[in-house]
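Participant: What follows is a predicted structure for the sequence shown.
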Amino acid sequence: MHHFYLLATVLYFIHNGNSQEADHCFPSEFLESLSMSMKITKAGFHRDLLYSVEWGKVDHDVKALLVQKLPSGVYMDEYQLETLKHDTGLEVLLDSKVDLEAPEYLSSGFTALVFLSGTHEATVPVHGRYHRASNSSQKWVRVDIASPRLFLRSDECALHHQEATAAPCTARNHSICSWLEIPRLEDTGPVSLEIPVGDSSMLVSVCVGTVLTAALSCVFLLRSIWTHGTF
């Protein structure tokens, strides 16, 4: 989709600075009140990432954007995200096309843009990929998801170009807006999920069992057809 290429381009334009415009829009007491959290819920291959950003009172509207890098061991389903956008208002953009069927060792990491509105919270589904089978006693593999980067903007404030990050205004409006990155937030640390991996030492027995099961099923079906069929 065209917005994948748009996001891949604008994510290069990251700048930091301190100007009078930023100080007026986001004063120091406001920045000190900021907090961000990320949690992971559910079990198995299908999880939810829970994001929350909180801040103190301010006399103008503030919008938040989380830029989340995800490793090759997980993926987000763009079709599921599109459904959730219509059903719940969830706003997430992906920076590249994601292959939903590829295993971890044939996949690449990607970036998700999560737009927070209303309560400044979001629940984003994330799914584990199948990993290469292990020839050791390892039964699980751990996938770490780092904390996202936080960006803010307000329609009532202008940011100096040297401090601004260019990114889509919303998931629905792909016009480019200027966002201010908020550094030095207390790091909540990565969240992690454990994904089961296959045992490669069982390859021969599994293949033999599968072939025998398929052969016996074919014999049973042919016998039933021969016995009850009309020729």
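Facilitator: Okay, I see it. Remember, predicted model here, so these are calculated numbers, not experimental data.

Participant: quick one: average pLDDT of stretch 35-52?
Facilitator: Mean per-residue pLDDT for stretch 35-52: 94.

Participant: Any buried residues in that stretch, and which?
Facilitator: M36, M38, R47, L49, Y51 (16 or more other C-beta atoms under 10 Å). C-beta: built from backbone N, CA, C; applies to glycine.

Participant: what does stretch 141-151 give?
Facilitator: Buried positions in stretch 141-151, judged by neighbour count with 16+ other C-beta under 10 Å: V141, V143, I145, S147, P148, R149, L150, F151.

Participant: And those, which is closest to F220?
Facilitator: Nearest to F220 among the buried residues of stretch 141-151: V141, at 38.5 Å, using C-beta to C-beta.

Participant: got the contact list for the closest one?
Facilitator: G73, H131, S134, E194, I195, V197 (C-beta atoms under 8 Å, 6 or more residues apart in numbering).

Participant: again, but for R153
Facilitator: Contacts for R153 (C-beta under 8 Å, 6+ apart) come out as V62, K63, L65, L159, C177, S178, W179, L180.

Participant: Using CSV, please lay out the residues you listed together with secondary structure, distance to T165 and neighbour count.
Facilitator: Formatted as CSV, these follow (DSSP: H, G, I helix; E, B strand; the rest coil; distance: C-beta to C-beta, whole Å; neighbours: other C-beta atoms under 10 Å):
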residue, secondary structure, distance to T165, neighbour count
V62, coil, 15, 19
K63, strand, 13, 17
L65, strand, 9, 27
L159, coil, 9, 22
C177, strand, 9, 19
S178, strand, 7, 19
W179, strand, 5, 24
L180, strand, 7, 26
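
Participant: that older thread, for the contacts of V141, which entry has the maximal number of neighbours?
Facilitator: Highest neighbour count within the contacts of V141, by other C-beta atoms under 10 Å: G73, with 21 neighbours.

Participant: Apart from its chain neighbours, what residue comes closest to that residue?
Facilitator: Leaving aside its chain neighbours, G73 sits nearest to V143 (3.7 Å; criterion: C-beta to C-beta, 6 or more residues apart in numbering).

Participant: got any ranges where the chain has weak pLDDT?
Facilitator: Low-confidence segments of the chain, defined by pLDDT under 70, are located at 1-24, 160-162, 187-188, 199-204, 206, 229-231.
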